[in-house]
Every structure is written in structure tokens, then in C-alpha cells.
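Colleague: Below are the sequence and a predicted model for it; my questions follow.
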Amino acid sequence: MSNLDSSLERLRQRFLHNPLLHRRQLLKYGLAGLGLTTATVAWQSLKPQPAARIPVIPVNNPMMGNTFSPMKTLRDFDYGSVKQENGRTVREFRLVAGNTTLQLNKAVSFNSWNFNGRVPAPTLRAKAGELIRVFFLNRAGHAHSLHFHGFHPAAMDGIKPIRNGTGMIYEFDAEPYGVHLYHCHVAPVTRHVGKGLYGMLIIDPPEPRPVADEMVLLMGGYDTNDDGKNELYAFNGVPDYYMMHPIEIYQHQLIRLYVLNMIEIDPAVTFHLHANMFRVYPTGMTLQPTHSSDVITMGTAERHILEFEFKYPGEFMFHPHQDAIAESGCMGAFKVIPFT
């Protein structure tokens, strides 16, 4: 058992034997000073077997000089470590704040602040009615926090800064079902989010949605020269990644996109899909679509589920319909292939 695993187990035991003990102190005593890196994070996941028709994803996806691959991020859902406590399902997650240099393109690198060494952060996923428990450790050199959208007690709201070298346990019920987000809420929030401290939280409804090829697309912006304007934009962290490496999907397969706009500074952006219409589930909080369109407008932190199938094979673009934003990196393509 690694030092990290041993410390986490001690932390859990202290928490279970004295749940009223201040969560920040628990993490401070249990984890501070370990010299952790995100590469040491290894949590046992309970993940359902995919039933949708999904093209084989190459093992060695292009990294573009980074420590993570947006192609893997696309379908990578963190289901946490699952346990039963007092007859209830608990999902435990672990997030570590740190700093990583991102290679945005051949010419531009960016000093990101992030969770678990990637931008966006892991997509956490639970089921409505479960208990979510997040062990957060700050090793980024600045004060950070975790603010989750959704329902939770005031003590879990994540507006209190967690200083470097300490941590916090956030615990709350998984409600309401839908597509939510989490991000650092330390001022100036625009800077912390713009540096990469954000991720998606999916809470599935009690009854599962129809089988689909599920993907996440998080839209982000980069102010690369600190002039208060975004110079580059991206889906899932790296500008133009899905234009250089189109996303393969099968013809006639139901696609379910979890789309989140986390672009700071710009007040709103659109999402447009070529040669198709998608069905819109606002904030993922409905089981039936409210309408269909090929373009939708989202303010910062707004998110939706979009569902569609492609009738024809070929390559089809997706991007904001603000062309300047699209042409600055927020552009991708689906490569629709026949299923044989």
C-alpha cells in the first residue's frame, strides 16, 4: 500500500469514527506534507460496461506535448470509489490542485492551475440519491477551493479558501440529477477558472437514460498574455485538437453530448453542429427534450445535454458560431463511419 493510500485510509477511519471532526483538520493531519503528484492518484472505479457502438479508440492518442489526451478526456468518466455506509451508496473522489504547463499549440505554452494535472478536471459521475464525498488536497502554491453546482449545505459551498498544503472534505447528496460543474471559487474567480480550475459533475437520474455513445465537451478560453482578453479557445483543453484528430462515431448511433461552457471573459458563446439537428435537454434536468436545433447559446457555466444521430457518413464540424472564437481554437469535427 502506498503512502497516499495509507494516509487516505487513516483519513477515512478518522472520518467514520468522528464524522463531526472538522473536515479541513482531518485532511491537514492526514495528507499534508506527502509531496504528492497527480500520477500517484489511483482510485478503484465501479464503471458500467459500455453497451453503445463505439469505435475503437487508439491506445496511444496524440498528447500534443501535454500530460493528458483530449481524445481520452472525451469519454473518460470518473465513477469514484464505491462503498456502502449505513445502507447507503457513497462515492468517494479525490482531487488534487496543482500547476501544469500546457502546450496549447506549437508556439504557445500556458501555466495552468488545475485539478489532477489536466484541463478540464476529471468528469465526476454519480447517481441521484447517492452520497458524494470529495477528498480535496491543495498543492498548487495558491489558496484554492471546490465549489459544486447543485444542492448542498452551506458548509460545503466551497467559498472558503483552502490554503496550500492543506485540504478539505466536501460531502453532499447527489442532487438534483443533471449536468453540473465544479470550479475554484477563490477570488478573482475569473482568473482561477481561466487558468483551468474547472470540471464537470454528472448526476444520473434514478432510471438510466437510453444507451448512447456518451461524450463530454467543455469549452474553455485562454488569456495567454494577461490583457483581460482570451487569445485562444478549446474544447477539452487543447485548441483545435478535434480538428486535427476528428472524433470517430458510428453512423445511426445515438450520440449524447454533455456540453458545458466554461469560457470566462466572453459573456456568451454558441454551439453549432453541421448538417444535423440535436435534441436539447436543458441543464440535463429533463428526461424529454424541450426542443431541437442546430445551434444553442450558452452563458458562462451554462450546460446542456444534446442528443443526435448522423444519417450520412463523412466529416462534420462543430464549433461556436462566433467565427473568431471558432477560428481561435474552439473547433472540431465528427468523423462518421458506417457500422459493419
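Modeller: All right, it came through fine.
Colleague: Doesn't residue 169 belong to a helix?
Modeller: No: following the definition DSSP: H, G, I helix; E, B strand; the rest coil, residue 169 is strand and is not counted among the residues of a helix.
Colleague: And for it, the neighbour number?
Modeller: Number of residues near residue 169 (other C-beta atoms under 10 Å) recorded here: 22. Any C-beta I mention is one placed from the backbone N, CA and C, and that applies to glycine too.
Colleague: distance of it from residue 163?
Modeller: According to C-beta to C-beta, to the nearest Å, residue 169 and residue 163 sit 15 Å apart.
Colleague: Over to residue 289?
Modeller: When distances are taken as C-beta to C-beta, residue 289 and residue 163 turn out to be 44 Å apart.
Colleague: Give the residue from those two that has the larger number of neighbours.
Modeller: Regarding residue 289 and residue 163, a neighbour count based on other C-beta under 10 Å identifies residue 289 as having more, with 15 against 12.
Colleague: Hmm, that one is touching residue 308, no?
Modeller: No: with contact defined as C-beta atoms under 8 Å, residue 289 does not reach residue 308; the gap is 10.4 Å.
Colleague: Give me the mean pLDDT for stretch 321-337.
Modeller: Per-residue pLDDT over stretch 321-337 has a mean of 98.
Colleague: what does it contact?
Modeller: Residues from elsewhere that reach stretch 321-337 (C-beta atoms under 8 Å, 6 or more residues apart in numbering): 55, 104-105, 217, 219, 230-235, 239-243, 246-251, 255, 263, 266, 269-270, 272, 295, 310, 312-320.
Colleague: Could you list the buried residues of that stretch?
Modeller: Within stretch 321-337, the residues that qualify as buried are 322, 325-326, 328-336, counting by 16 or more other C-beta atoms under 10 Å.
Colleague: One more: stretch 211-220?
Modeller: Taking 16+ other C-beta under 10 Å as the criterion, stretch 211-220 shows 212-220 as buried.
Colleague: Distance of the nearest residue to residue 260 once chain neighbours are set aside relative to residue 216?
Modeller: In space, not counting the residues next to it along the chain, residue 260 is nearest to residue 303; the distance is 4.0 Å by C-beta to C-beta, 6 or more residues apart in numbering. When C-beta to C-beta is applied, the distance between residue 303 and residue 216 equals 10 Å.
Colleague: between the two, what contacts are shared?
Modeller: Contact criterion C-beta under 8 Å, 6+ apart; residues bridging residue 303 and residue 216 by contacting each: 200, 258-260.
Colleague: Return the residues in contact with the residue nearest to residue 260.
Modeller: Residue 303 makes contacts with 179-181, 200, 258-261, 283-284, as judged by C-beta under 8 Å, 6+ apart.
Colleague: Give me the nearest residue to residue 197, chain neighbours excluded.
Modeller: Closest residue in space to residue 197, ignoring its immediate chain neighbours: residue 184 at 3.8 Å, by C-beta to C-beta, 6+ apart.
Colleague: one step back: which of the buried residues of stretch 321-337 fall within strands?
Modeller: Residues of those located in strands (DSSP state E): 332-336.
Colleague: sorry, back to before: which neighbours do residue 289 and residue 308 share?
Modeller: Common contacts of residue 289 and residue 308, defined by C-beta under 8 Å, 6+ apart, comprise residue 279.
Colleague: Just the buried subset of the contacts of residue 303, please.
Modeller: Neighbour counting by 16+ other C-beta under 10 Å classes 179-181, 200, 258-261, 284 among the contacts of residue 303 as buried.
Colleague: For those, could you give me TSV that also reports secondary structure?
Modeller: Output for the buried ones among the contacts of residue 303, formatted as TSV (three-state DSSP):
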residue	secondary structure
179	strand
180	strand
181	strand
200	strand
258	strand
259	strand
260	strand
261	strand
284	coil
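Colleague: quick one: which of these is nearest residue 88?
Modeller: Proximity of those to residue 88 was ranked by C-beta to C-beta; the top entry is residue 180 with 20.4 Å.
Colleague: so what's that closest one up against?
Modeller: If you count contacts by C-beta under 8 Å, 6+ apart, then residue 180 has 148-150, 200-203, 283, 303 around it.
Colleague: redo that, cut-off 10 Å
Modeller: Residue 180 makes contacts with 124, 148-151, 174, 199-203, 260, 283-285, 301, 303, as judged by C-beta atoms under 10 Å, 6 or more residues apart in numbering.
Colleague: same check, this time on residue 248
Modeller: With contacts defined as C-beta under 10 Å, 6+ apart, the neighbours of residue 248 are 54-58, 71, 213, 315, 334-337.
Colleague: What is the host helix or strand of residue 270 packed up against?
Modeller: Using DSSP states H and E, residue 270 sits in strand 268-273. Contacts defined by 3 or more C-beta pairs under 10 Å, 6 or more residues apart in numbering; DSSP states H and E place strand 268-273 against strand 213-222, strand 255-261, strand 291-293, strand 295-299, strand 303-308, strand 314-319, helix 323-326.
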